[in-house]
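**Student:** got a sequence here, can you model it:
(one chain, ligands or ions: 2)
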Amino acid sequence: MNRPYLKIDQVSKVFNRGSMSTEVLKDISLDIERGEFVSIIGHSGCGKSTLLNIIAGLTPATIGGILLEDREVNSPGPDRAVVFQNHSLLPWLTVYDNVRLAVDKVFGRQKSRAERHAWTMHNLDLVQMGHAADKRPSEVSGGMKQRVGIARALAMEPKVLLLDEPFGALDALTRAHLQDSVMQIHATLGNTVIMITHDVDEAVLLSDRIVMMTNGPSARVGEVLTVPLARPRKRLELVTNATYTKSRESVLKFLYERHQFVEAA
Ligand SMILES: Nc1ncnc2c1ncn2[C@@H]1O[C@H](COP(=O)(O)OP(=O)(O)OP(=O)(O)O)[C@@H](O)[C@H]1O
Ligand SMILES: [Mg+2]
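**Tutor:** Numbers count the residues shown, from 1 in each chain. Ligands and ions are numbered 1, 2, ... in the order given. Okay, the predicted model is just below:
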């Protein structure tokens, strides 16, 4: 039998606050193949970050669980690296040291000092940040900080890369540029990626599959759309591509016709 690489198995999540309890996620199941790029899209507050945090092992599921290569994961580990919406670099360390810290933690025993240095630089170069290795986070732009966050995650050689709206805080041009970098890295390294996004175009451009979540509480997987576009994908060529337009329309219809955003009371 062909087992899935990553299995999200009947995950439900209830948050308790005092005597109040809210079911945020209900019975979420999803199988993800090795090397797949999957996006999760849904309205604000439906539980996307909660789901990503459960996969990362940062939040426990109330029911169900996560299996990575047939093993249950319920605590954080370098096999699942997270990039958050707002970069989480340590401000007092240089760009280089922010990445090096993660490299030392994961490869401290396996790699020599020289190898760890080379690996740190290699990953900074992957995101075109090698030139700024000695700068501090406050001295580089928002897009550059996000690049360093991605380099740090990649440097851990995670089995699964978890991205929580990694480009959310960036302007459109920087965002497009970083999307291209992520596509290129995915093509070169073949990482398994789960990315949360609010952006329909971003989801279609980057994903093999788009998981659309219904509104919370008790959010579920509403629909899963396969994006049958060949890679490499070029954003300019896709503008007039019928498959692209159709995929985009399916997601928009899901979000704005069938599951309109309703502000919680
Ligand atoms: N630690 C917590 N305790 C209680 N409730 C929580 C906790 N974390 C999240 N929630 C609630 O769970 C729901 C889902 O939150 P979550 O952050 O997962 O949504 P989201 O889909 O990522 O939203 P956004 O798109 O705005 O980032 C929200 O109603 C939120 O208030
Ligand atoms: Mg979120």
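**Student:** what about K13, how many neighbours?
**Tutor:** Applying other C-beta atoms under 10 Å, we find 23 residues neighbouring K13. Every C-beta, even on glycine, is put in place using the N, C-alpha and C of the backbone.
**Student:** you'd agree it is up against N53?
**Tutor:** No - the pair K13 / N53 is not scored as a contact, 9.3 Å apart, by C-beta atoms under 8 Å.
**Student:** got any residues that touch both of the two?
**Tutor:** Counting by C-beta atoms under 8 Å, 6 or more residues apart in numbering, the residues touching both K13 and N53 are T59.
**Student:** residue in the stretch 101-250 of the chain nearest to ligand 1?
**Tutor:** G216 (5.8 Å; C-beta to the nearest ligand atom).
**Student:** C-alpha coordinates for whichever helix or strand Y244 is part of, CSV please?
**Tutor:** When elements are assigned from DSSP states H and E, Y244 belongs to helix 242-253. Extracted in CSV, the C-alpha atoms of helix 242-253 (Å, rounded to 0.1, in the frame of the first residue of the first chain):
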residue,chain,number,x,y,z
ALA,A,242,-7.3,29.0,-19.3
THR,A,243,-6.4,26.4,-16.6
TYR,A,244,-5.0,29.2,-14.4
THR,A,245,-8.1,31.3,-14.9
LYS,A,246,-10.4,28.4,-14.2
SER,A,247,-8.5,27.4,-11.0
ARG,A,248,-8.6,30.9,-9.8
GLU,A,249,-12.3,31.2,-10.4
SER,A,250,-13.0,27.9,-8.5
VAL,A,251,-11.2,29.3,-5.4
LEU,A,252,-12.9,32.7,-5.7
LYS,A,253,-16.3,31.1,-6.0
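**Student:** check which residues of it are buried.
**Tutor:** 244, 247-248, 250-251 (16 or more other C-beta atoms under 10 Å).
**Student:** format the residues you listed as CSV; extra columns: distance to ligand 1 and pLDDT.
**Tutor:** Formatted as CSV, the buried residues of helix 242-253 follow (distance: C-beta to the nearest ligand atom, whole Å; pLDDT from 0 to 100):
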residue, distance to ligand 1, pLDDT
Y244, 24, 97
S247, 21, 97
R248, 19, 97
S250, 20, 96
V251, 15, 97
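**Student:** need the residues of this protein near ligand 1, please.
**Tutor:** 15, 17, 24, 42, 44-50, 216 (C-beta under 6 Å from any ligand atom).
**Student:** which of those fall in helices?
**Tutor:** Among the residues of the chain next to ligand 1, the members found in helices (DSSP state H) are 48-50.
**Student:** show me where the stretch 151-265 of the chain has its strands.
**Tutor:** 160-164, 192-197, 209-213, 221-226 (DSSP state E, counting those that start in this stretch).
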